[in-house]
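J.: my questions concern the predicted model and sequence given below.
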Amino acid sequence: NQPFKLFSRSAEVIAPTVGFRQTGPNQFEEVKGDPTIVSGFRLVDSRASYGISLETFVIGFPIHFDWSWRTLFNKEWEDVLYARVGGSEAFRERRFDMWIGYDF
């Protein structure tokens, strides 16, 4: 029951989670990496994305092509938060969506 924190600007020392280790048949513990200082504006409990979209009509139906990228507005923060799955490189990977349908 921690309070929701939209963003932060303060400097923090954070040890990233780089994996998990099994300590018992049904127990795991986090494996932490080297502590890193993260400073500057960053989203903490919220997420953002940006992108471009194209729309065309085929036989009267709208077809949408969307390219988007996720961001937390701070590359160092993304590297710490997503260290286990590839850091900011993996988090900011481009996403492509194609869908058919009308806008509401």
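T.: Received, thanks. Numbers count the residues shown, from 1 in each chain.
J.: so how far is the lengthiest helix in the chain off the chain centroid?
T.: Ranked by residue count under DSSP state H, the longest helix found in the chain is helix 75-81. Centroid displacement of helix 75-81 relative to its chain, using Cα atoms, centre = their mean, to the nearest Å, is 9 Å.
J.: that helix - contacts with which helices or strands?
T.: On a contact count with 3 or more Cβ pairs under 8 Å, 6 or more residues apart in numbering; DSSP states H and E, helix 75-81 meets strand 36-38, helix 87-91. The C-beta positions use only the backbone N, C-alpha and C, and glycine is treated the same way.
J.: so which elements touch the last one?
T.: Contacting helix 87-91 under the criterion 3+ Cβ pairs under 8 Å, 6+ apart are the following elements: helix 75-81.
J.: put the alpha carbons of the helix it packs on into CSV.
T.: C-alpha atoms of helix 75-81 as CSV (Å, rounded to 0.1, in the frame of the first residue of the first chain):
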residue,chain,number,x,y,z
LYS,A,75,17.3,6.8,-20.1
GLU,A,76,19.3,6.1,-16.9
TRP,A,77,16.0,5.4,-15.0
GLU,A,78,14.9,3.0,-17.7
ASP,A,79,18.3,1.2,-17.6
VAL,A,80,17.9,0.7,-13.8
LEU,A,81,14.2,-0.3,-13.9
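J.: ok, and what's touching it?
T.: Contacts with helix 75-81, where a contact means Cβ atoms under 8 Å, 6 or more residues apart in numbering, come from 14, 16, 36, 38-40, 42, 71-72, 87-88, 91-92.
J.: using CSV, list the CA coordinates for the host helix or strand of Phe65.
T.: Using DSSP states H and E, Phe65 maps to strand 61-71. The C-alpha trace of strand 61-71 is given here as CSV (Å, rounded to 0.1, in the frame of the first residue of the first chain):
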residue,chain,number,x,y,z
PHE,A,61,-12.8,0.5,-44.6
PRO,A,62,-10.2,2.6,-42.8
ILE,A,63,-6.9,0.9,-42.3
HIS,A,64,-4.5,2.3,-39.6
PHE,A,65,-0.7,1.9,-39.4
ASP,A,66,0.7,3.0,-36.1
TRP,A,67,4.4,3.2,-35.0
SER,A,68,5.0,4.0,-31.3
TRP,A,69,7.8,4.1,-28.7
ARG,A,70,7.6,3.9,-24.9
THR,A,71,9.4,6.3,-22.7
